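A.B. asks: This is the structure alone, sequence omitted:
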């Protein structure tokens, strides 16, 4: 007898899984942008235009659909003109984010970031300065990037090496303005957003604007209510969510299960934000949910170490549950950006001098790549559960006890004559056999990819860069059924021919 059963309803599509749901985030904090991505053209490390060659190759191989920059909290003290023009003439400014204060040489600026995005195939997403900036400053940035008229700003862009428009589509109007972005009240922020958006759309009517939301009902409710008569300016409402449960690597079994509630935590944020948006838009306009910061924030990732911490197999398995939630809500969630791309928090890549290695989270995104741009399909999952503590956010402790935790998470999709099914086993130390049945399709041969390691706290490192990795085996289905044998604390994706 199988331990669990999954029914895939091919006749019940949910919507298209936008590749932007697998997006990422690079902030000027710690060793993320500086040292991680950007080393400068004069560095002794191999680089292409100032970016680490090995990091570029890894990011390009994975495919980064969208990249958010320069913050984060850094965004609301960043002035874009500091980062243009010849490198030697750029000012040395205070770089501040999350309590870190460093000298910023502004070597990585707008032109360099756009070049990075072009090299790795990412859509650029720029977070603008609402907190300490002005509508004119951000309006000028939009026009500098996207303008086509023969203005002084467009001439300046051309003189700096980019005569054609940069075509930056996504613009965040501030970041966490309920906190580090100015400690605004929600109604005051909404009025500022409305003022900024008026002038940003004058600079380029085609851009998409992301307003600062929160993972609290009160903020989102008051922001959207204040904007209810100006919804034409609101394309996306952002939500940020970080979670933590015990130490990064020396966690208990109870803490291991606790962090597996990450998907449910994120889904609750999406659910109440969706309710607010649907109430105030009332069919007049679609406003997406941009989950543009999310991930684990371990207690070790603190000020003193530049917000770096070990990235374990546990982190990747918990993140799989979050990606499954994004897939289920692909009709409402329009963008998601894991924090952050290199070295900081739940990163894809870590570096140490000349060495670079891929984290378990990098491999998770590789495992889920088959879902990008595909049609999400509903799945029904019957599986065992386990008691686990409730999971709080980075900012708040849990408010109540939590129901039993399902030991499996899953999502499925269809594209180009293939079906992809991803399944994660959250059990701490036992494999699970899962019987899969498909309604509305017949399946054939394919490939099974498995992400696993030798322990839930396994990490990759300069000494053991492949301790956590993906293995590949052949798989065949019997028409409409097949079976997963999922190792403990592991994620699998099966990609099968479908007809």
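C.D. replies: Everything's here; your move. The shown structure was predicted, so the numbers you read here are calculated from the model rather than taken from an experiment.
A.B. asks: and residue 482, what is it in contact with?
C.D. replies: By C-beta atoms under 8 Å, 6 or more residues apart in numbering, the contact set of residue 482 is 436, 443, 475, 476, 494, 496. In this view, the C-beta of every residue, glycine as well, is placed from N, C-alpha and C.
A.B. asks: Tell me if the fourth one really is in a strand.
C.D. replies: Yes - per DSSP: H, G, I helix; E, B strand; the rest coil, residue 476 lies within a strand segment.
A.B. asks: what's the distance between it and residue 241?
C.D. replies: For residue 476, the distance to residue 241 (C-beta to C-beta, to the nearest Å) stands at 39 Å.
A.B. asks: how about the helices in the stretch 301-450 of the chain?
C.D. replies: Remark: helices assigned in the stretch 301-450 of the chain by DSSP state H, counting those that start in this stretch are 313-328, 360-367.
A.B. asks: Could you say which of those is packed most deeply?
C.D. replies: Across the helices of the stretch 301-450 of the chain, the average number of neighbours (mean count of other C-beta atoms under 10 Å) peaks for helix 313-328, which reaches a mean of 27.
A.B. asks: Quick check, pLDDT for residue 99.
C.D. replies: pLDDT for residue 99: 82.
A.B. asks: same question, the one 5 residues further on
C.D. replies: In this model, residue 104 is scored at 90, pLDDT.
A.B. asks: Quick one: residues contacting it.
C.D. replies: Residue 104 neighbours (C-beta under 8 Å, 6+ apart): 28, 34, 82, 92, 93, 94, 95.
A.B. asks: Looking at the residues you listed, spot the one nearest residue 52.
C.D. replies: residue 34 (11.2 Å; C-beta to C-beta).
A.B. asks: Just give me the neighbour total for the closest one.
C.D. replies: Using other C-beta atoms under 10 Å, residue 34 has 18 other residues around it.
A.B. asks: Correct me if wrong: it contacts residue 103.
C.D. replies: No - using C-beta atoms under 8 Å, residue 34 is not in contact with residue 103; the gap is 10.1 Å.
A.B. asks: Check the contact lists of the two and give me the overlap.
C.D. replies: By C-beta under 8 Å, 6+ apart, residue 34 and residue 103 have no common neighbours.
A.B. asks: Quick check: bridge partners of the closest residue to residue 29 other than its chain neighbours?
C.D. replies: Distances taken as C-beta to C-beta, 6 or more residues apart in numbering place residue 97 nearest to residue 29, at 4.4 Å, with adjacent residues excluded. Note on residue 97: beta-bridge partners residue 100, judged by DSSP bridges.
A.B. asks: dump the residue contacts of residue 97.
C.D. replies: Taking C-beta under 8 Å, 6+ apart, we find residue 97 in contact with 27, 28, 29, 71, 72, 73, 74, 77, 180.
A.B. asks: Residue 168 now?
C.D. replies: Neighbouring residues of residue 168 by C-beta under 8 Å, 6+ apart: 114, 124, 125, 126, 142, 145, 146, 207.
A.B. asks: Pick out whichever of the contacts of residue 97 sits closest to residue 270.
C.D. replies: Out of the contacts of residue 97, the member with the shortest distance to residue 270 (by C-beta to C-beta) is residue 72, at 21.3 Å.
A.B. asks: Quick check on the closest one: phi, psi?
C.D. replies: In terms of degrees, to the nearest 10, the main-chain angles of residue 72 are phi 70, psi 180.
A.B. asks: And for it, the neighbour number?
C.D. replies: 30.
A.B. asks: Equivalent analysis for residue 335, please.
C.D. replies: If we define neighbours as other C-beta under 10 Å, then residue 335 has 26 of them.
A.B. asks: which residues does it form a beta bridge with?
C.D. replies: On the basis of DSSP bridges, residue 335 is bridged to residue 290.
A.B. asks: residues in contact with the closest residue to residue 373 other than its chain neighbours?
C.D. replies: Spatial nearest neighbour of residue 373, chain neighbours left out: residue 19 (5.5 Å); criterion: C-beta to C-beta, 6+ apart. Counting by C-beta under 8 Å, 6+ apart, residue 19 makes contact with 63, 65, 66, 372, 373.
A.B. asks: tell me the phi and psi of the first one?
C.D. replies: Its backbone dihedrals place residue 63 at phi 90, psi 110, with angles given as degrees, to the nearest 10.
A.B. asks: Which members of the contacts of residue 482 are the farthest-apart pair?
C.D. replies: Within these, 436 and 476 form the most distant pair, 12.3 Å apart (C-beta to C-beta).
A.B. asks: The two: which is more packed in?
C.D. replies: For residue 436 versus residue 476, the count of surrounding residues by other C-beta under 10 Å is larger for residue 436: 24 against 12.
A.B. asks: just checking, the more buried one touches residue 8?
C.D. replies: Yes - with contacts counted by C-beta under 8 Å, residue 436 reaches residue 8, the gap being 6.6 Å.
A.B. asks: any common contacting residues for these two?
C.D. replies: Residues touching both residue 436 and residue 8 by C-beta under 8 Å, 6+ apart: residue 421.
A.B. asks: picking that back up, just want to check the distance between the residue nearest to residue 373 and residue 415.
C.D. replies: 11 Å.
A.B. asks: Give me the common contacts of these two.
C.D. replies: Both residue 19 and residue 415 are in contact with residue 373, where contact means C-beta under 8 Å, 6+ apart.
A.B. asks: center of the chain - which residue?
C.D. replies: In the chain, the residue lying closest to the centroid (C-alpha atoms, centre = their mean) is residue 337, at 1.9 Å.
A.B. asks: who's in contact with that residue?
C.D. replies: Counted by C-beta under 8 Å, 6+ apart, residue 337 has contacts 23, 24, 25, 66, 67, 68, 125, 290, 291, 292, 293, 294.
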